[in-house]
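Just to be clear, the model below is a prediction. Sequence and coordinates:
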Amino acid sequence: MWQLKEYHVGRFLDHFRTYKGKKLFLNYFFLLKIILLLLFIFSEAFFSIWFSVLFLIYLFESLIFLKQIISKSFKKPVKTAKTIFLSLISFAVLFLFLFFVSANKNAPAYILLFDILTPVIVALTVLLVQPFFVMARNNVLKKATKKIEDLKLAKSDLVVIGITGSYGKTSTKEFLTAILSEKFKVLNTKQHQNSEIAVAKCILNDLNSGHQIFIAEVGAYNKGKVKEVCNMLKPKIGIVTGVNEQHLSLFGSMENLLSAEGGEELAKSLPSNGLLVLNADNKYCLNLYKNFSGKKKIYSLKKDKIDSDIWAEDIEVSTDLVSFMAIDKNKHMAHFNLNVLGKQNVQNFLAAILIASELGMSLQEISEACKNIKSYQAGMTLKGGKHGINIIDSSYSANPDGVLADLDYLSIFQQKKVIIMPCLIELGKSSERIHEKIGRKIGKICDMAIITSKDKFEEIKKGATEVGMKQKNIIFCENLDDIYSIVTLFCTAGDAVLLEGRVPTGVVNLFVK
């Protein structure tokens with residue numbers, strides 16, 4: 001869990017506000033163990049009975065664990081130096097404990113107490129060694145900063161581009177990389193790796209004097225984190241792709257969020273000859289545009305909303321491609337025919353087109369370069385599913401705007417439409433409102449919704465029924481076999497199923513041929 005939450009205390013604690021997080025403690029086994037511990041302490045006369053019950057509990061848990069291993073549903077950490085080190089310390093603590101209590105007549109009670117306190121013990125282990133990892137991390141950041149500075153001194157034409165925002169970062173980075181690679185030697189941060197340490201390692205391991213452009217995706221969960229990365233990167237161009245309430249519970253306030261992923265820290269880090277590029281279709285980006293005094297440019301889907309530097313016309317979206325006409329302020333224009341899914345990608349392309357144009361590429365050159373972009377680079381793919389069902393895989397992650405955009409794409413399909421998704425996390429006080437809004441969108445577009453987590457299921461259900469969706473078609477289900485049965489009984493060839501966000505492990509493979 002610590003690794004999944006990137007050793008971020010706020011993200012780790014926020015998990016225990018979710019239904020699954022609460023179940024880690026509010027479950028029959030855990031409560032039974034606490035009762036049993038009290039019986040060991042206060043009813044020693046029945047020691048043999050309590051010991052037998054404890055043995056049966058551990059036997060049953062072991063069988064469940066064995067079943068998870070056989071079915072490959074057991075979640076284990078990715079093997080890294082950090083996880084190996086933490087595991088070794090945890091096991092050392094366990095064996096030392098067993099050594100000291102093994103000769104004690106109350107050993108079973110002590111072992112049970114250790115078991116109950118294991119989450120606390122592991123958390124303390126992580127937190128106690130964290131300062132050493134922070135020191136190592138700071139050393140890596142320092143080395144990366146020095147390397148960037150040295151490369152810029154030796155190669156004055158190195159252009160560093162920083163991309164932040166609540167959504168659209170990865171797609172914009174992939175599109176921009178593909179376009180600029182036709183003319184320049186380009187390096188970008190890999191996949192969805194956008195933490196400060198991931199960016200630093202990319203600089204140290206991959207960036208060299210042959211590169212002309214370095215594109216870094218920058219994410220954050222705290223105020224000041226984007227500034228920290230920008231102090232290392234020293235970007236000349238900054239892009240803010242769009243801002244919403246994603247991770248609001250971690251930032252603590254919208255003000256803190258706007259400072260980091262909202263782009264304020266990125267904007268302030270740009271040099272006097274730098275350029276800030278913003279999404280004019282997003283109200284937060286538009287506010288930043290109005291308040292930023294440096295060089296700035298904006299893009300939008302429509303020209304009539306604001307005086308954009310580049311916009312799109314004649315947008316057409318089908319099940320397997322997007323086409324539009326890009327037009328800039330100087331009346332240059334080019335047609336784009338793209339193998340990506342969903343209208344939302346037009347915004348991300350406009351950001352990439354605007355920057356490529358700024359770096360000397362013509363719209364025609366950019367249009368040609370875009371022909372090589374694949375749908376997976378946009379984060380959503382259309383796959384042939386079992387029984388002829390269309391499977392739309394957007395299962396990496398989810399944010400409010402992304403879910404709504406993916407539902408718009410789903411609406412293109414003519415036959416029955418199903419969405420499978422978990423509730424969104426880390427939205428803070430906005431969570432209920434956002435889930436009701438998503439529910440209303442689901443109710444207008446989908447024939448069935450399967451929600452795989454319980455936290456805001458009722459809010460989604462409320463929103464969907466408000467616009468006329470039948471309650472029986474809004475289902476909470478987290479079991480893979482049951483999900484598969486429900487969908488295959490409901491859908492026929494030609495229907496479409498959207499897999500949105502962090503759906504349970506194995507769902508994608510379950511439906512795809």
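Noted; the coordinates are in hand. Being a predicted model, the structure only gives us computed values, none of them experimental. Numbering: from 1, shown residues only.

hey, let's count contacts and neighbours off CA atoms from now on
Fine.

Show me what counts as buried in stretch 320-340.
The neighbour-count check on stretch 320-340 (16 or more other CA atoms under 10 Å) flags 322-328, 333-340 as buried.

Which of the residues you listed fall within helices?
If you go by DSSP state H, the buried residues of stretch 320-340 have nothing in helices.

Going by distance to Asn222, which of those wins?
Each of the buried residues of stretch 320-340 was checked against Asn222 using CA to CA; the closest is Val340, at 32.1 Å.

Name all residues that make contact with that closest one.
Applying CA atoms under 8 Å, 6 or more residues apart in numbering, one finds that Val340 lies in contact with 320-322, 373-376, 378, 380-381.

Swap in 7 Å and give it another go.
Going by CA atoms under 7 Å, 6 or more residues apart in numbering, Val340 touches 320-322, 374-375, 378.

for those residues, which one is nearest Ser43?
Among the contacts of Val340, and counting by CA to CA, the member closest to Ser43 is Ala378, at 62.3 Å.

wouldn't that closest one be in contact with Ser171 here?
Yes - counting by CA atoms under 7 Å, Ser171 is a contact partner of Ala378 at 4.9 Å.

Below-threshold pLDDT in the protein: ranges please.
Along the chain, the parts satisfying pLDDT under 70 run over 305.

Please parse it into its domains.
9-131, 155-377, 380-511 (automatic domain parsing).

First-to-last residue distance for the shortest one?
End-to-end distance for domain 9-131, by CA to CA, to the nearest Å: 13 Å.

cool, and stretch 209-227?
25 Å.

what's the offset of that stretch from the middle of its chain?
With CA atoms, centre = their mean, to the nearest Å as the basis, stretch 209-227 stands 17 Å off its chain's centre.

Contacts for it, please.
Contact with stretch 209-227 is made by 151, 155, 157-164, 169-170, 173, 184-189, 194-195, 199, 247, 250-251, 256-257, 259-261, 265-266, as judged by CA under 7 Å, 6+ apart.

of all the domains of the chain, which lies closest to Asn138?
Comparing the domains of the chain by their distance to Asn138 (CA to CA), the top pick is domain 155-377, with 8.7 Å.

Any idea how far that closest one is from the middle of the chain?
With CA atoms, centre = their mean as the basis, domain 155-377 stands 17 Å off its chain's centre.

Stretch 70-89 now?
Using CA atoms, centre = their mean, the offset of stretch 70-89 from its chain centre is 21 Å.

what's the answer for stretch 498-506, then?
On CA atoms, centre = their mean, the centre of stretch 498-506 falls 12 Å from the chain's centre.

before we move on, what about stretch 7-21?
15 Å.

neighbouring contacts of it?
Contacts of stretch 7-21 (CA under 7 Å, 6+ apart): 2, 5, 22, 250, 426, 454-455.

need the contacts of Val340 in TSV with distance to Glu358, can you?
Formatted as TSV, these follow (distance: CA to CA, whole Å):
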residue	distance to Glu358
Asp320	30
Leu321	26
Val322	24
Lys374	24
Ser375	25
Ala378	22
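
so which of those comes closest to Thr492?
Asp320 (20.0 Å).

ok, the residue nearest to that closest one when sequence neighbours are not counted - contacts?
Counting by CA to CA, 6 or more residues apart in numbering, Leu341 is the residue found nearest to Asp320 once chain neighbours are left out, at 5.9 Å. With contact set as CA under 7 Å, 6+ apart, Leu341 has these partners: 319-322, 375, 380-381.

Next, format those residues as a markdown table and append secondary structure.
As requested, these are exported to a markdown table (DSSP: H, G, I helix; E, B strand; the rest coil):
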| residue | secondary structure |
| --- | --- |
| Thr319 | coil |
| Asp320 | coil |
| Leu321 | coil |
| Val322 | strand |
| Ser375 | helix |
| Met380 | coil |
| Thr381 | strand |
